[in-house]
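**Q** Provided below are the primary sequence and the corresponding predicted coordinates.
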Amino acid sequence: MPESVKGVITKGVGGVYTVRCEDGQIRLCQIRGNIRLKKITPLVGDIVLTGDSGDPDIPFVLEKILPRKNFLVRPPLANLDTLLLIFACEDPVPDLKLLDKMLIICGALKIKPVILFSKSDKDPESCDKYVSIYKNAGFDCFPMTKNEPVPEEVKELIKTGLTGLAGPSGVGKSTFCNKLLGEGTMKVGDISDRLKRGKHTTRHAELFEYEDGFITDTPGFTSLDLFDVGVLYTDVSGGYPEMVRESSGCKFADCRHIAEKQCRVRELIGDGIDEGRYGRYREFYEYLYSRRPNSAGGYK
Ligand SMILES: Nc1nc2c(ncn2[C@@H]2O[C@H](COP(=O)(O)OP(=O)(O)OP(=O)(O)O)[C@@H](O)[C@H]2O)c(=O)[nH]1
Ligand SMILES: [Mg+2]
Ligand SMILES: [Zn+2]
C-alpha cells in the first residue's frame, strides 16, 4: 500500500479539498467515507493524511484528520494560533457585540486575538475611540487604512503559526490579505450604497503562506450565537481581561460583577471599565447562565 502523505488543508470547495503536502506537492482530495461517518467536517487549517483515491478526476483522498489544537465554527478554521478580528469603524459601523463574542471565544480556545479597526480614513475620531476602548481593556488593537502598510507588530505575528481573519463582510479582510501577499491574491468587493454592508465577495476560507506562517482569508459573517457554538457562562470573563484584572478588588473572590455588594468592577464603570463592554459582559453572562447545563432556565 502506498504511504500516506501529511499536509495542511488550504481550501475546501464543494467537497474537494486542496492540501499542501510536506513533500511540496499540492494534492486535490476527496473525503473518504469514514471521515463523513464520524461527522467531522474537514476545515481549512486541518492537518491531514492523504492517500491515493484511484479516481483520475480527484486523485487523492483524505485518510485522516489529525487531532485539532482548536477549531472555530465561524469562520470555519482549525488549529489557529492568532485571530485577527477586523471591524470597520464606518461602513459598516462595528458590531461590538460580535467583536466581544469573538474575544470570549478566543479566550476559551486559547487563541491570541488581535483587533484591527479598518477604514480609519473614513472617521479617524471614532476609530481612535474604539482603539482606545480595546487597548485599555488589554488587547492588541490597531487602527488601519487601506493605503497604509500593515503594522509591523501584526506582520511579526503572522510570520509564525496560523493566523485567521474574522469579521463582517466589507470590512477589508481581503484588502488586508492583498496588502500582505500582493494585489490580486484575493478578490475585493464593494459596499452596497443603500445598506452600507459588504456583498460577501469572499465565499470560501483560503490559506496562504507568509514567511514561516500561514494566513487565511475568510468570508464575512454577521451573526453568531455563543450558546450554539458551545461557550459556557464560565467562559465569558475570558473575553474581559480588564474585569478579571480588577476582580481582586471585589469583596467576594467569586464575584460575578452582577449584583454583588462591594464589587470593584462595577465601581469602575465609566472610570476604567468601559460601560458598553460591561453591558455586553453582563448580557452574555446572564444569557449563558440561563442556559447552563441542568438549568431550568432563568437567572437568579
Ligand atoms: N475607505 C476605505 N475603504 C476600505 C478600506 N479597507 C477596505 N476598503 C474597501 O472596502 C471594500 C470591501 O473590502 P474587502 O476587502 O472586499 O472586504 P472583505 O472584508 O474581504 O469582505 P467580504 O469578502 O465580503 O467578507 C472595498 O471597496 C475596499 O476597497 C479602508 O481602510 N478604507
Ligand atoms: Mg473578502
Ligand atoms: Zn465584582
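**A** Everything's here; your move. Ligands and ions are numbered 1, 2, ... in the order given.

**Q** Averaged pLDDT, stretch 165-181. What do you get?
**A** Averaged across stretch 165-181, the pLDDT comes to 96.

**Q** Report the backbone C-alpha coordinates of it in PDB.
**A** Taking C-alpha atoms only, stretch 165-181 is exported to PDB below (Å, rounded to 0.1, in the frame of the first residue of the first chain):
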ATOM      1  CA  LEU A 165      -9.100  36.600   9.700                       C
ATOM      2  CA  ALA A 166     -12.500  37.200  11.000                       C
ATOM      3  CA  GLY A 167     -15.100  40.000  10.700                       C
ATOM      4  CA  PRO A 168     -18.200  41.100   8.900                       C
ATOM      5  CA  SER A 169     -18.500  41.400   5.100                       C
ATOM      6  CA  GLY A 170     -17.000  44.500   3.600                       C
ATOM      7  CA  VAL A 171     -14.600  45.500   6.400                       C
ATOM      8  CA  GLY A 172     -11.500  44.900   4.300                       C
ATOM      9  CA  LYS A 173     -10.300  41.400   5.200                       C
ATOM     10  CA  SER A 174      -9.300  40.600   1.600                       C
ATOM     11  CA  THR A 175      -7.900  44.100   1.200                       C
ATOM     12  CA  PHE A 176      -5.700  43.300   4.200                       C
ATOM     13  CA  CYS A 177      -4.600  40.000   2.600                       C
ATOM     14  CA  ASN A 178      -3.700  41.700  -0.700                       C
ATOM     15  CA  LYS A 179      -1.500  44.200   1.200                       C
ATOM     16  CA  LEU A 180       0.300  41.400   2.800                       C
ATOM     17  CA  LEU A 181       0.500  38.900  -0.100                       C
END
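
**Q** Leu268: what's it in contact with?
**A** Applying CB atoms under 8 Å, 6 or more residues apart in numbering to Leu268 gives the contacts Glu246. No exception for glycine: its C-beta is placed from N, CA and C like everyone else's.

**Q** Doesn't Ile86 belong to a strand?
**A** Yes - going by DSSP: H, G, I helix; E, B strand; the rest coil, the assignment for Ile86 places it inside a strand.

**Q** Burial check on the closest residue to it other than its chain neighbours, number of neighbours?
**A** If the residues on either side of it in the chain are set aside, Ile86 comes closest to Gly167, at 3.9 Å by CB to CB, 6 or more residues apart in numbering. By other CB atoms under 10 Å, 30 other residues sit near Gly167.

**Q** any idea how far Gly167 is from ligand 3?
**A** Taking CB to the ion, to the nearest Å as the measure, Gly167 falls 31 Å from ligand 3.

**Q** got the contact list for the closest residue to Asn147 other than its chain neighbours?
**A** Distance criterion CB to CB, 6+ apart; nearest residue to Asn147, sequence neighbours excluded, is Asp121 at 7.4 Å. Listed by CB under 8 Å, 6+ apart, the contact set of Asp121 reads 145-147.

**Q** show me what contacts the residue nearest to Ile86?
**A** Counting by CB under 8 Å, 6+ apart, the residues that Gly167 touches are 85-87, 173, 220.

**Q** just Lys199 next, same as before
**A** Lys199 neighbours (CB under 8 Å, 6+ apart): 169-170, 189-192.

**Q** Tell me the buried residues within those residues.
**A** The neighbour count (16 or more other CB atoms under 10 Å) marks 169-170, 189, 191 as buried among these.

**Q** near ligand 3, from these?
**A** Residues of the buried ones among the contacts of Lys199 in contact with ligand 3 (CB under 5 Å from the ion): none.

**Q** Closest one of those residues to ligand 3?
**A** Proximity of the buried ones among the contacts of Lys199 to ligand 3 (CB to the ion) peaks at Ser169, which lies at 37.1 Å.

**Q** does that closest one count as helix, strand or coil?
**A** What three-state DSSP gives for Ser169 is coil.
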